[in-house]
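Q: Need the 3D shape of this:
(2 chains)
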Amino acid sequence: EPEVTQTPSHQVTQMGQEVILRCVPISNHLYFYWYRQILGQKVEFLVSFYNNEISEKSEIFDDQFSVERPDGSNFTLKIRSTKLEDSAMYFCASSPQTTNEKLFFGSGTQLSVL
Amino acid sequence: EDQVTQSPEALRLQEGESSSLNCSYTVSGLRGLFWYRQDPGKGPEFLFTLYSAGEEKEKERLKATLTKKESFLHITAPKPEDSATYLCAAMNSGYSTLTFGKGTMLLVSP
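A: Numbers count the residues shown, from 1 in each chain, chains lettered A, B, ... in the order given. Predicted coordinates for the structure are as follows:
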């Protein structure tokens, strides 16, 4: 069964450093998302992406965050200058055609900012 | 602001002991109510989407139901492999994003 693939599974970085989290969504999907989950807290929406542009973003997704689909398969989340509070599990998700169809989530990247 | 509240936070069952998980939601026009299963260190795995009050969906030992304010996930004769955190999420009519609850951690003992 097709799946969303995320790399790396774990990322450790120093505060102030830039990180790029990578995702390969399911190939025929059109909508792409990033969510995050701080340990012990709810899964929170960050951003959605459709037709090569951001369609929605949350208050969390400030100027330090950016997303890109650099080619036909990858979808990336960049954090320009990481903060301690950015430590979380980051999930990439994709959905096939319409926005209220089920989202398929990847296994996540655990980001630790020291 | 959309809100999703799940109860209980944790539930311990004996194998075969049926129970229900609750999800209360407040959204501006419900587009869909989603149930996901999450295993430790993994991403949420889709279970069901419910779109209107009165709708029910089943998958193996799980059945999800929906009212205008709540959704229930009924687990019939659970097995240890049903142990996981079950997440409820709501999508409102204005956006394509999911608002998640904190989840119910289910542990089924043999």
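Q: near chain B, which residues of chain A?
A: Counting by CB under 8 Å from any CB of the partner chain, the residues of chain A close to chain B are A:4, A:31, A:33, A:35, A:41-45, A:48, A:55-56, A:58, A:91, A:93, A:99-108. C-beta here means a position set from N, CA and C on the backbone, and glycine is covered the same way.
Q: Tell me which of those residues fall in strands.
A: A:31, A:33, A:35, A:43-45, A:48, A:55-56, A:91, A:93, A:104-105 (DSSP state E).
Q: So which of the residues you listed is the closest to chain B?
A: Distance ranking of those against chain B, using CB to the nearest CB, places A:F105 first at 3.4 Å.
Q: B:F34: what's its closest spatial neighbour, skipping adjacent residues?
A: Ranked by CB to CB, 6 or more residues apart in numbering or on different chains and with sequence neighbours excluded, the top spatial neighbour of B:F34 is B:A89, at 4.5 Å.
Q: Pull up the pairing partners for whichever strand or helix holds that neighbour, direction included.
A: With elements taken from DSSP states H and E, the one containing B:A89 is strand B:84-92. Sheet pairing of strand B:84-92 (DSSP bridges) gives strand B:30-38 (antiparallel), strand B:99-100 (antiparallel), strand B:104-109 (antiparallel).
Q: and A:P25, which of those strands is closest to it?
A: Comparing the strands paired with strand B:84-92 against A:P25 with CB to CB, the closest turns out to be strand B:30-38 (17.4 Å).
Q: returning to that earlier point: need the ones in strands among the residues of chain A next to chain B in JSON lines (columns: neighbour count).
A: Shown next, in JSON lines, are these (neighbours: other CB atoms under 10 Å in any protein chain shown):
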{"residue": "A:Y31", "neighbour count": "20"}
{"residue": "A:Y33", "neighbour count": "29"}
{"residue": "A:Y35", "neighbour count": "29"}
{"residue": "A:V43", "neighbour count": "25"}
{"residue": "A:E44", "neighbour count": "19"}
{"residue": "A:F45", "neighbour count": "24"}
{"residue": "A:S48", "neighbour count": "25"}
{"residue": "A:S55", "neighbour count": "16"}
{"residue": "A:E56", "neighbour count": "17"}
{"residue": "A:F91", "neighbour count": "27"}
{"residue": "A:A93", "neighbour count": "28"}
{"residue": "A:F104", "neighbour count": "22"}
{"residue": "A:F105", "neighbour count": "23"}
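Q: Is the residue most central in space within chain A bridged to anything, and to what?
A: Centroid-nearest residue in chain A: A:W34, 3.2 Å away (criterion: CA atoms, centre = their mean). In this structure, A:W34 has the following beta-bridge partners (DSSP bridges): A:V47, A:C92.
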